[in-house]
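Asks: Take a look and give me a structure for this.
(one chain, ligands or ions: 1)
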Amino acid sequence: MTGNTPADTGGSAVADGAARPVLRVTSLVKRFGDVTAVDGVSFDLMPGASLGIVGESGSGKTTTARVLAGLERPTSGTVELDGRVVAGPEAGRPAARGGTRGRVPGGGARRDRLWRASRLQMIFQDPYGSLDPRQTVARSVAEPMRLHAPGPAAGRRARVRELLDQVGLSERAGGSLPRDLSGGQRQRAAIARALAVRPRVLLLDEAVAALDVSIQAQILTLLDGLRRDTGISYVFVSHDLAVVRHVTETAIVMRHGRVVERGGTERILREPRHPYTRLLLDSIPSPDWDLDRVARDRRALDRL
Ligand SMILES: Nc1ncnc2c1ncn2[C@@H]1O[C@H](COP(=O)(O)OP(=O)(O)OP(=O)(O)O)[C@@H](O)[C@H]1O
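Replies: Residues are numbered from 1 along each chain as shown. Next up, the predicted model:
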């Protein structure tokens, strides 16, 4: 076990003060009654880096993501976003080191939510989580701009065209309702909407899990290009190690709410150190797949 310190995740190493993590999660705990869904998770995400959160169903990935997005309050621990504590006992306060002073300018819960949403956006497995089924894609993409940066409609229209182009959608697709698009196009539209406010972090929760493999590859390539072009950071939540390999440099592996392994994604996949990570890798279908061994290893792990 590698413990739950942020140590070796978060992308490029940065000297003191040179750059601070855009997202810092410290000792995060989330309980639902008797169930501890997240149990002491910590990590840093540097600007422009991409971090995977992997684990099986029930390991606490989605709950972690929901706390980061402000959809759940943590039981304890803190989330610092862009130098500001956005969740935890000090929420609304600047982070201890190098953060902005004072509360979010103007204060107020709505202001705080807008501030957070302007820096961190979430993409769900189901694009209907962010697209209104009754609105054209173009309107859905324009909406966050109206909220965050009110200004002339002409400027918004130009920016919507630019965003649609950035995610590979035609103007025609922009004029369509979500139900008239393919699953891949809908996910592109959800990404365009998330990018509309120029967030620093995109939090992707099983964002390609519902798509055919060939479409998955297209979306992953799109995400790679967007990160290169914009310097945005990703937290990429997935049960699928092959997918995580494509879009992240570092990863944490979660089991029963805890981080059991962390490090470079390639290293984790090539030389897993924790038996649970090895089991996850052995569970991927391959020509020499040994189902009996996977079942045996799981029983042994469950006894630990
Ligand atoms: N709102 C809730 N109320 C009670 N228990 C919950 C709630 N949300 C999650 N849990 C429990 O917390 C644990 C972690 O769930 P979570 O959804 O975070 O895992 P996960 O790794 O994302 O799995 P999945 O991919 O299936 O969503 C599970 O035992 C789950 O049943």
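Asks: Tell me where the stretch 151-300 of the chain has strands.
Replies: Under the criterion DSSP state E, counting those that start in this stretch, the stretch 151-300 of the chain contains strands at 201-205, 233-238, 250-255, 258-264.
Asks: So which elements touch the last one?
Replies: The reference is to strand 258-264. Here strand 258-264 touches strand 35-45, strand 250-255, helix 275-282, going by 3 or more Cβ pairs under 8 Å, 6 or more residues apart in numbering; DSSP states H and E. Glycine gets a C-beta too; all of them are placed from N, C-alpha and C.
Asks: so which of those gets nearest L131?
Replies: strand 35-45 (25.9 Å; Cβ to Cβ).
Asks: Now the element after that closest one, going C-ward?
Replies: strand 50-54 (DSSP states H and E).
Asks: strands paired with that next one, and their directions?
Replies: Using DSSP bridges, strand 50-54 pairs in its sheet with strand 233-238 (parallel), strand 250-255 (parallel).
Asks: okay, those strands in TSV with mean neighbour count next?
Replies: Converted to TSV, these look like this (neighbours: other Cβ atoms under 10 Å):
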stretch	mean neighbour count
strand 233-238	25
strand 250-255	26
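Asks: would you turn those into JSON lines with distance to the ligand and mean pLDDT?
Replies: JSON lines is the format used below for the strands paired with strand 50-54 (distance: least, Cβ to the nearest ligand atom, whole Å; pLDDT from 0 to 100):
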{"stretch": "strand 233-238", "distance to the ligand": "7", "mean pLDDT": "96"}
{"stretch": "strand 250-255", "distance to the ligand": "7", "mean pLDDT": "96"}
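Asks: how about the residues of the protein near the ligand?
Replies: F32, V35, A37, G55, S57, G58, S59, G60, K61, T62, T63 (Cβ under 6 Å from any ligand atom).
Asks: Now do the contacts for the fourth one.
Replies: In other words, G55. K61, H239, V253, M254, R255, L280 (Cβ atoms under 8 Å, 6 or more residues apart in numbering).
Asks: low pLDDT regions in the stretch 1-150 of the chain?
Replies: 1-18, 89-107 (pLDDT under 70).
Asks: mind redoing it with 80?
Replies: Within the stretch 1-150 of the chain, the set of residues satisfying pLDDT under 80 comprises 1-18, 88-108, 127-130, 148-150.
Asks: Thanks a lot, catch you later.
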